[in-house]
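[1] give me a model of this one.
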Amino acid sequence: MGQLGKMKIGLFGGSFNPVHNVHIFIAKSLIDKKLVDEVWFVPCKEHSFEKSLESFSHRANMINFALDGLKNLKICEVEKSAKGKSYTIDTLRKLRAIYNHEFFIVVGADILGEINRWYCFDDLKREAKFIVFKRAGYQINNPGINMKEIDVRELNISSSMIRKLVAERISIKEFVPAGVEDYIHKNKLFIKI
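    Residues are numbered from 1 along each chain as shown. From the prediction side, this is the model:
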């Protein structure tokens, strides 16, 4: 904890459709390496590149199950009330208006290649700090942003893979926390892809 409650917060944005063990592992790694004090999972309301998603409430509920009992990891539902697409720069500014924390945007090296397509990228370059985690097969070429690199063990799990397994009625037990698996089955999520 910093002075007067000011903390370093990692903003881990994404669709989390669904959240899975790699997301949790990355977030815990940021805490373990003392890069941030807390990681906030920030589910987007709508995907900015038009991907089809389960409802915000389903995705938020799965994150809550995934983070249950985990210290320094929480959900931030700031984008829930967003009208239309959620943009990182708007989310960052909203959070800065509410909190006196130092925020870091957490992204994978795979995202770095397309980050210059993000809405108001020039503003983002000026206003944001990033933590970039390495991904196999992706180079880290800094597009002019303020960033720290983090090396995390590569775990080959993706949300799209999990959705495919669910649709094919194949177990996802080893890829998601137990509460998330139960929630997916109880609510019949991802049956059709």
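[2] make it CA atoms for all contacts and neighbour counts henceforth
    Will do.
[3] so M161 lies in a helix, does it not?
    Yes - the assignment for M161 by DSSP: H, G, I helix; E, B strand; the rest coil puts it in a helix.
[4] look up how far G13 lies from it.
    For M161, the distance to G13 under the criterion C-alpha to C-alpha, to the nearest Å works out to 19 Å.
[5] between the two, tell me which one has more neighbours.
    Higher neighbour count among M161 and G13: G13, with 18 against 13, using other C-alpha atoms under 10 Å.
[6] wait, the more buried one touches F104, no?
    No - G13 is beyond contact range of F104, at 10.7 Å (criterion: C-alpha atoms under 8 Å).
[7] mind listing the helices for this structure?
    Chain-ordered helices for the chain, with DSSP state H as the definition, fall at 21-32, 56-67, 88-98, 109-112, 121-127, 159-167, 178-186.
[8] how far does the third one sit from the chain's center?
    The one in question is helix 88-98. What separates the centre of helix 88-98 from the centre of its chain is 16 Å, taken as C-alpha atoms, centre = their mean, to the nearest Å.
[9] mean confidence (pLDDT) on stretch 186-193, please.
    Taken as a whole, stretch 186-193 has a mean pLDDT of 87.
[10] list the buried residues of it.
    When burial is assessed from 16 or more other C-alpha atoms under 10 Å, stretch 186-193 yields the following buried residues: 189-190.
[11] do the same with stretch 144-151
    Going through stretch 144-151 with 16+ other C-alpha under 10 Å, the ones that come out buried are 145, 147, 150.
[12] for this structure, where's the lowest mean pLDDT among helices and strands?
    helix 109-112 (a mean of 86; mean pLDDT, DSSP states H and E).
[13] off-centre distance for it?
    13 Å.
[14] same question for stretch 168-180.
    Remark: stretch 168-180 is offset 19 Å from the chain centroid, using C-alpha atoms, centre = their mean.
[15] for it, what is the average pLDDT?
    Computed over stretch 168-180, the mean pLDDT rounds to 96.
[16] which residues touch D37?
    Taking C-alpha atoms under 8 Å, 6 or more residues apart in numbering, we find D37 in contact with 1, 7-10, 31, 72.
[17] just the buried members of those?
    Buried by 16+ other C-alpha under 10 Å: 7-10, 31, out of the contacts of D37.
[18] mind putting the residues you listed into a markdown table with pLDDT and distance to N21?
    What follows is these, written out as a markdown table (pLDDT from 0 to 100; distance: C-alpha to C-alpha, whole Å):
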| residue | pLDDT | distance to N21 |
| --- | --- | --- |
| M7 | 97 | 25 |
| K8 | 97 | 23 |
| I9 | 98 | 20 |
| G10 | 98 | 17 |
| I31 | 97 | 16 |
